[in-house]
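Q: got a sequence here, can you build the structure:
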Amino acid sequence: MTESAQKLPVLIIDDESELRELIALSLKRLGYEVRTFDDATGALRFLEDQLKTIGRVRVKAVVSDWMMPEFDGMQLLQKIRQSAYKDVPFILVSGVVGRAQLEQAMNSGADAILNSPH
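A: Numbers count the residues shown, from 1 in each chain. Got it, this is the predicted structure:
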């Protein structure tokens, strides 16, 4: 991976601060820049601000918890897939990953789904 590609931030969204920081620390150790958010609204605002400011979205990927209050990771995925930055890689993290969840995530355009580390 090129150094410039690693300088694009990975957005990490999770309402549980311990999990959010665990994922962030793991990615930082691999050399990635990270931006963390405790809700999907903040992450979406960041993406929209980039689009308005520089005319495009410059992020490596989005890693989002699936289950969050009010605006969850699946809703964020669907918003992103219907936006001008629909090609941003999106990884959902969930504590419960069964066949139905996998199918829903993949049908909605998720690039991957991971079991939550808790």
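Q: need the contact list for Ile80.
A: In this structure, Ile80 makes contact with 44, 47, 62, 86, 88, 90, judged by Cβ atoms under 8 Å, 6 or more residues apart in numbering. All C-beta atoms are positioned from the backbone trio N, CA, C, and that covers glycine.
Q: read off the pLDDT value for it.
A: Per-residue pLDDT puts Ile80 at 96.
Q: following whichever helix or strand it is part of, which helix or strand comes up?
A: Taking DSSP states H and E as the definition, Ile80 sits inside helix 73-81. Sequence order places strand 90-94 as the next helix or strand after helix 73-81, per DSSP H and E.
Q: just list what that next one packs against, helices and strands only.
A: In terms of contacts (3 or more Cβ pairs under 8 Å, 6 or more residues apart in numbering; DSSP states H and E), strand 90-94 is packed against strand 61-65, helix 73-81, strand 112-115.
Q: mind checking which of those is nearest Glu16?
A: strand 61-65 (7.1 Å; Cβ to Cβ).
Q: and the closest one, how far from the chain's centre?
A: Between the mean C-alpha location of strand 61-65 and the chain-wide mean there is a distance of 2 Å, by Cα atoms, centre = their mean, to the nearest Å.
Q: by contact count, what packs against it?
A: Packing partners of strand 61-65 (3+ Cβ pairs under 8 Å, 6+ apart): strand 10-13, helix 17-29, helix 40-54, helix 73-81, strand 90-94.
Q: okay, now the unreliable bits of the chain?
A: 1-6, 117-118 (pLDDT under 70).
Q: count the neighbours of Arg45 for me.
A: 12 (other Cβ atoms under 10 Å).
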